[in-house]
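*Asks:* Output the structure for:
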Amino acid sequence: MCYDCELTFPKKEYSSGVSAAEIVDHLFKLSQLTPLQVIANVLQRGKATNDVFRSLLTAYDSFLGILDNPTKRKYLDEELSRESAASDKIYADVRRLSGLFQNALTDLFFDDRKDNKFLELTKTYGVF
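*Replies:* Residues are numbered from 1 along each chain as shown. Model prediction:
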């Protein structure tokens, strides 16, 4: 949400009279969206590269597809033992998707290309 606020109300606009009520209203509207809608909106407005956008959303969608499958979800949640996870095909698929998602996030937040708005936003809001 911090990134979205910065993209919506750049700092230069704060001094020109953006009211707290406008920001609160904007945050309320964001809170009514699904996490995927918020992420997609920020990615689009922040001009994420098509490759990052595609990789991030594809990995996330595939992961949700596994969780949406009642058989696979029950298997992962209740039936898969810790001992057999390392050799399990479904678990391996989840791990693979996790890696793809992590790589896309790393590219998004830390790619040092000139027009990457997310790198500066990450330095400002994401690193303490």
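*Asks:* which intervals of the chain have sub-threshold pLDDT?
*Replies:* Applying pLDDT under 70 to the chain picks out residues 11-16, 128.
*Asks:* Show the contacting residues for the most centrally placed residue in it.
*Replies:* Nearest to the mean C-alpha position of the chain, by Cα atoms, centre = their mean, lies residue 39 at 5.1 Å. By Cβ atoms under 8 Å, 6 or more residues apart in numbering, the contact list for residue 39 reads 56-57, 60. The way it works is simple: take the backbone N, C-alpha and C, and place the C-beta from them, glycine included.
*Asks:* Let me know the helix or strand that it is in.
*Replies:* Assigned by DSSP states H and E, residue 39 belongs to helix 35-45.
*Asks:* Phi, psi for residue 48 please.
*Replies:* According to degrees, to the nearest 10, the main-chain angles of residue 48 amount to phi -60, psi 150.
*Asks:* same question, residue 81
*Replies:* For residue 81, the backbone dihedrals are phi -90, psi 160 (criterion: degrees, to the nearest 10).
*Asks:* wait, what's in contact with it?
*Replies:* With contact taken as Cβ under 8 Å, 6+ apart, residue 81 is in contact with no other residue.
*Asks:* what do you get for the one 3 residues further on?
*Replies:* By Cβ under 8 Å, 6+ apart, residue 84 lies in contact with nothing.
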